[in-house]
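Visitor: Prediction below, plus the sequence it came from.
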Amino acid sequence: VTGIITSIAAMRREAEALRARGQRIALAPTMGALHEGHLSLFRVARRRADVLVASIFVNPTQFAENEDFGRYPRNLRRDAALAEQSGCDLLFCPSAAEMYPHMHETTVMTDNLSRILEGEHRPTHFRGVTTVVSILFNIVKPHVAIFGQKDFQQSVILRRMIRDLHFDIEMIVAPTIREADGLAMSSRNAYLDPQQRLAALSINRGLQSARGLYEAGERNPAVLENEVESVILATEGIEIDYVRASNPETLAPSKEGEPCVIVVAARVGATRLIDNILLGAEIEAS
Ligand code: PAF
């Protein structure tokens, strides 16, 4: 049975004991509302360590005032059952009061990477992510941490943070898992009604169409971006926040001929969705 740990002191004790026994710890940070995307991360992580800890913490600091913190789906009983079936040994579910004690004011932030793309629309988001992931690293003391490619910019930022702060942690990025109709799995898909879901499918259709052009030899980033945009724009009920062909390491605008990631953010009603596709590159573990 997957053990559930809620206090920071108990998690620290467990991590120390595991390390003292020479066991390799993997951490899969999540905000719960687990779906097949998370479960695939767990399965990948489980093979890379002796013990897999999944954290479930809906992190308040990565949501802005106007965002969905209050209605973000929460169901610990269901999550615990799914985590257990997918190889999790421990669930770490701390409280916000303990994670962010009274007068907490220290944050971790990548200066530039957190301001572009998603950062232009969600200026405080990545600071919340890098701060909470640093806190989790300090408590769970993992040897390896795993994140999903779906949040591509987040993975680039966390890789940079691990490097810059010399966290002694190996980072793995696992591929995006999609629904049968191509929609990237996300806890936020639960907000979509059937019609909105149809509109949301245009994101992956656009990305696949750009992939088709790339495979036929197209290397001009603007043409690839336009392809994604035109597919989405032809669909009713979806608004584009951005479509950008970016360098997969720096997230700077992609130059013609180099590998690129096309990152997309779009809104369907009140729901914000992101997705991406890598062209000419594979995700790499470091
Ligand atoms: O990707 C997520 O679910 C969150 O941003 C993370 C990494 C768990 C931090 O709260």
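Guide: In hand now; what should we look at?
Visitor: what ranges do the helices span in the stretch 101-250 of the chain?
Guide: Here the stretch 101-250 of the chain has its helices, by DSSP state H, counting those that start in this stretch, at 118-121, 125-140, 152-164, 194-215, 221-233.
Visitor: Next, format those as a markdown table and append distance to Gln62, mean pLDDT and mean neighbour count.
Guide: C-beta here means a position set from N, CA and C on the backbone, and glycine is covered the same way. Below are these laid out as a markdown table (distance: least, Cβ to Cβ, whole Å; pLDDT from 0 to 100; neighbours: other Cβ atoms under 10 Å):
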| stretch | distance to Gln62 | mean pLDDT | mean neighbour count |
| --- | --- | --- | --- |
| helix 118-121 | 11 | 98 | 17 |
| helix 125-140 | 3 | 98 | 21 |
| helix 152-164 | 10 | 98 | 21 |
| helix 194-215 | 22 | 98 | 18 |
| helix 221-233 | 26 | 98 | 19 |
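Visitor: could you redo these as TSV and give each row distance to the ligand?
Guide: Output for the helices of the stretch 101-250 of the chain, formatted as TSV (distance: least, Cβ to the nearest ligand atom, whole Å):
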stretch	distance to the ligand
helix 118-121	11
helix 125-140	5
helix 152-164	6
helix 194-215	18
helix 221-233	23
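Visitor: what's the closest of those helices to Ala265?
Guide: With Cβ to Cβ as the measure, helix 118-121 is the member of the helices of the stretch 101-250 of the chain nearest Ala265 (6.5 Å).
Visitor: list the helices and strands that closest one packs on?
Guide: helix 125-140, strand 239-246 (3 or more Cβ pairs under 8 Å, 6 or more residues apart in numbering; DSSP states H and E).
Visitor: could you redo the last one with a cut-off of 10 Å?
Guide: For helix 118-121, the elements it packs on are helix 125-140, helix 152-164, strand 239-246, strand 260-268, strand 271-279, judged by 3 or more Cβ pairs under 10 Å, 6 or more residues apart in numbering; DSSP states H and E.
Visitor: Including distance to Asp68, could those go into CSV?
Guide: Supplementary listing: the helices and strands packed on helix 118-121 in CSV, determined by distance: least, Cβ to Cβ, whole Å:
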stretch, distance to Asp68
helix 125-140, 12
helix 152-164, 17
strand 239-246, 16
strand 260-268, 12
strand 271-279, 8
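Visitor: Figure out which of the ones you listed is closest to Ala190.
Guide: strand 271-279 (9.2 Å).
Visitor: now the residue in the stretch 151-286 of the chain that the ligand sits nearest to: how far from Ser209?
Guide: When Cβ to the nearest ligand atom is the measure, the stretch 151-286 of the chain has its nearest residue to the ligand at Asp151, with 5.1 Å between them. With distances defined as Cβ to Cβ, to the nearest Å, the gap from Asp151 to Ser209 amounts to 22 Å.
Visitor: Same check on Leu278?
Guide: For Leu278, the distance to Ser209 under the criterion Cβ to Cβ works out to 15 Å.
Visitor: Same question for Asp111.
Guide: Using Cβ to Cβ, one gets 35 Å for the distance from Asp111 to Ser209.
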